Structures are given as C-alpha cells and as structure tokens.
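> need a 3D model of the sequence below.
(4 chains)
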Number of protein chains: 2
Amino acid sequence: MGIAEEIKQKKFKTEYSKAVVNLIYTNSWLHQTHVKLFKPFGLTTPQFNILRILRGQHPEPSTVNLLIDRMLDKSSNASRIVDKLEEKGLVLRKQCGHDRRAVDVFISKEGLDLLSQLDKEMESWEKQSRKLSEEESKVLNDLLDKIRS
Amino acid sequence: MGIAEEIKQKKFKTEYSKAVVNLIYTNSWLHQTHVKLFKPFGLTTPQFNILRILRGQHPEPSTVNLLIDRMLDKSSNASRIVDKLEEKGLVLRKQCGHDRRAVDVFISKEGLDLLSQLDKEMESWEKQSRKLSEEESKVLNDLLDKIRS
DNA sequence: GTACATTAAATGTAACTACATCCTTTTCAA
DNA sequence: TTGAAAAGGATGTAGTTACATTTAATGTAC
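So this is what the prediction gives:
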C-alpha cells in the first residue's frame, strides 16, 4: 500500500512534497518496530544508539561531545542518556585525564554483551522483514544523501 | 556528504542497514528544519500535522479517532494536541450529533488562515532547499513504500 | 429491559525532550 | 598573572510523549 492510501491523502502538490510526508511516515513506522525490538532488553532507541557509538569507539572512550556529534537524533540529551546507561551498568564514566572538564565514557562488558544479543535480534528482524535488495538500498541511500546535500 | 562521513561510521554490514540509519538521520534533519519553520507561528510539528488533516476534511469535521488514524506520528496524543489547538483558537470541538461519545473537530477560520501562511513558507522552503527532481522523488516514494510493504 | 463487552475520548503519571542556565575548567589576550 | 571569554558537561524546568486507567455512551446477548 502506498503512502497516499495509508494516510488517505489523495493528492499531493508534487512528488517531492509527497516524499517528505512519506519519509516522516516511514520513519515513524521504523521507529515503532525498533521500540518493540528493544523493549524486552529495557533499552530506548536513543540509549541503543549511544551504546552503538560507544562500541564503535571501543576500546577507546568517547566524550559526551563526541556522542552528541554522532547521535542520529540530535535533540535528545546525551548526558542524561549516559546517566540511564550508567545506572544499568552498561557504561562507565571517568574524568578525562588531560581535560578535567571532559568525561570519558566507556561501554562495559555488560553493555557489549547486551549489544551482541541485540545484534542477533536486529539481524533476524532484518532478514525477516527486509523488502529492499542491496541495489535498491544503494539507490535509497543516494537519494537520502542528496536530500540533505 | 554521505551518511557515513556525516556520522563518522566507516562501515555498515549491508547497504540496507546503512539505509535504515540514513532514514533515521535524514528524518531528524528534516524534523529540525520543520521545527524552525513552524516555531515563528507557534506550532509544533504534530500540531501542524493535525491542522493539515483537519483542512483535508474541511468543511466536514474529523473525530479524534480519524485524526489518530491519519497522523504521521502515531505515538503522540491526538486529544491533547487538539486541546492546544483549541486554546489557540485554531480548531473547534463539538459533540457529535449521532454518537455522543465522539467529538467533531473543525478547523477554524484562524486555523485556515494560519495554514495558508504556512503553505507559502513551506513552498518557498521547498523551492530553495529542494535537491530532488520529480523523477527522483518518485523513485524515493516507491522505495519508501516498498520498505513498509 | 438489564448486564456485559466494546468503543470514543479524556485524564493521570512517569519518563523524556527542548531549551536555558549554571558550574567548573581551560584558553587566551592584555 | 589575571580576568574575560569559551568549552564541556550537568542540571532545572516546562512542555510533550508513552502508556495505563477512567468515564461515558453505545452495542449486544439474553
């Protein structure tokens, strides 16, 4: 079912304005599936995102500023997300050696273990529900990059 | 700049998993621009979305359930968004004639006027910042529809 | 008609986001 | 060296979302 039927809007002024709506709608759809996927593991989507960035840096630490810089959703509060992850024992905070304003954030063993479980979940979800080929995905990536350019 | 450079993630397992991240990131980018666009008019993005649905139905009313059904972001609370719009005089609520549980929501003259102002803003924003042709937009729409299929 | 399930919407609440402000440390110009 | 500006992060708060519960009206089986 196309976006027009989905939200019962018959006409769009241009294909582009339809694409803008479609992007928002598809993102919302995707977000719902992620929420359902992460919930059994007690993680929200921003928490998952931060954990993945930390793993990307591992074993090097990340400062909070680096996390903000790389977060997908710039609007959420990195400092407080790290609070939550720390409470759960998934990350560690240490004062940075050479700049005492900065904080080094590390992913813990528990964090890495949780992520590797989630990797499996994500992978099997992708396999099951994936509708695009690699070539189609490549085209989509190029178009999305172009929108923001 | 492609998504990989943008969030400094060098490698993705598949083009599809890259597209998933790209979709989230691009949506966030788009959301920021909408927030900036609507702010001078005192509207949030869900409020704008609800107003547009109401205009689509106008002069027929919409029930709250219809709004929920068509909202782009299913997670937000339609009833409370209508509260805000009502406070601002942009919509009216009336008890529905033949089902007294239901509420008919109408867009007001003020609401229509505000939207037509915003239309102009949106249009000039689209003209300025638009990077995709109609054909490219069409391809994007098809791919997004396919992801959700 | 009466009881029970269902539906439409509103509301309570805990958590989260958005944004401003604060605190501490660092930088840098005079 | 010292005082102002800037940077990194934490925190306060108002508003919003997520989700469960409540209230009221309708539908339905008996």
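> list the residues that contact the spatially most central residue of chain A.
The centroid of chain A falls nearest to A:Asn49 when counting by C-alpha atoms, centre = their mean (4.2 Å). By C-beta atoms under 8 Å, 6 or more residues apart in numbering or on different chains, the contact list for A:Asn49 reads A:Met71, A:Leu72, A:Asp73. No exception for glycine: its C-beta is placed from N, CA and C like everyone else's.
> so which of these comes closest to B:Glu15?
Distance to B:Glu15 across those (C-beta to C-beta) is lowest for A:Leu72, with 17.5 Å.
> go ahead and confirm the closest one touches B:Tyr25.
Yes - between A:Leu72 and B:Tyr25 there is a contact at 5.0 Å, judged by C-beta atoms under 8 Å.
> for the two, list the residues in contact with both.
Residues touching both A:Leu72 and B:Tyr25 (C-beta under 8 Å, 6+ apart): B:Ile7.
> if we can go back for a sec, just checking, the residue nearest to the centre of chain A is part of a strand?
No - under the criterion used here (DSSP: H, G, I helix; E, B strand; the rest coil), A:Asn49 is helix, not part of a strand.
> against A:Lys13, how distant is it?
A:Asn49 sits 34 Å away from A:Lys13, going by C-beta to C-beta, to the nearest Å.
> just the element for A:His34, please.
Per DSSP states H and E: A:His34 is located in helix A:15-38.
> and the angle for that helix with helix B:15-38?
Interaxial angle, helix A:15-38 versus helix B:15-38 (axes from the mean of the first three to the mean of the last three C-alpha atoms, to 10 degrees): 120 degrees.
> for chain A, give me the ranges with low pLDDT.
By pLDDT under 70, chain A has no low-scoring segment.
> domain assignment for it?
With domains defined by automatic domain parsing, chain A comprises A:1-41, A:43-122.
> pipe these into TSV and attach distance to DNA strand D per row.
Formatted as TSV, the domains of chain A follow (distance: least, C-beta to the nearest atom of the strand, whole Å):
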stretch	distance to DNA strand D
domain A:1-41	6
domain A:43-122	3
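> thanks a lot, catch you later.
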